[in-house]
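A.B. asks: Any chance you can model this:
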Amino acid sequence: MKQILVLCTGNSCRSQIAEGYLRHFAGSKAEVYSAGVETHGVNPKAIEIMQEDGIDISGHTSNNVNEYADKHFDYVITVCDNAKERCPNFPSTARKFHYNFPDPAKATGTEDQVKQQFRDVRNMIKQYSREFVAANL
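C.D. replies: Numbering: from 1, shown residues only. A predicted model of the protein is given here:
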């Protein structure tokens, strides 16, 4: 079984969404974890918009990347430029992937506009996750 780590700045939105979709699409082919170079807690709006698509991430926790320093990963995916720049080098043969998704936590506007920005990012991550699993697992 493949081991996947998704990294973001605060492990609150993008990496949590990616963890949810990667678990969904990979099924029993992979164990998926997410972490941040900081920990900000799981964003309630990320939980809400994932529930809209039938994925429950309400039990996820916000973890620091250092918690996984001794774990072997086959894949490390950074989902923001900040995490890519600050990500520690894992002493492993993990293949590294990167995609800089917009940060929905920085969305502005009305409540509906903010939720739509979360949905837009969710949909981008969903597509990326589907394609990643199809190509790599």
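
A.B. asks: what is the mean pLDDT for stretch 80-95?
C.D. replies: On average, the pLDDT along stretch 80-95 is 70.

A.B. asks: what's the span of that stretch, first residue to last?
C.D. replies: 17 Å (C-alpha to C-alpha, to the nearest Å).

A.B. asks: which residue ranges form the strands in this structure?
C.D. replies: Counting by DSSP state E, the chain has these strands, from start to end: 2-8, 30-36, 75-78, 95-98.

A.B. asks: low-confidence ranges in the chain?
C.D. replies: 83-92 (pLDDT under 70).

A.B. asks: Give me the residue at the spatial middle of it.
C.D. replies: Geometric centre of the chain, nearest residue: Ser15, 1.8 Å, by C-alpha atoms, centre = their mean.

A.B. asks: contacting residues for the closest residue to that residue other than its chain neighbours?
C.D. replies: Counting by C-beta to C-beta, 6 or more residues apart in numbering, Cys8 is the residue found nearest to Ser15 once chain neighbours are left out, at 3.5 Å. (Glycine included, C-beta is placed from N, CA and C.) Contacts for Cys8 (C-beta atoms under 8 Å, 6 or more residues apart in numbering) come out as 14-16, 34, 36, 78-80, 83.

A.B. asks: what do you get for Ile77?
C.D. replies: Residues near Ile77 by C-beta under 8 Å, 6+ apart: 4-7, 18, 96-99, 132.
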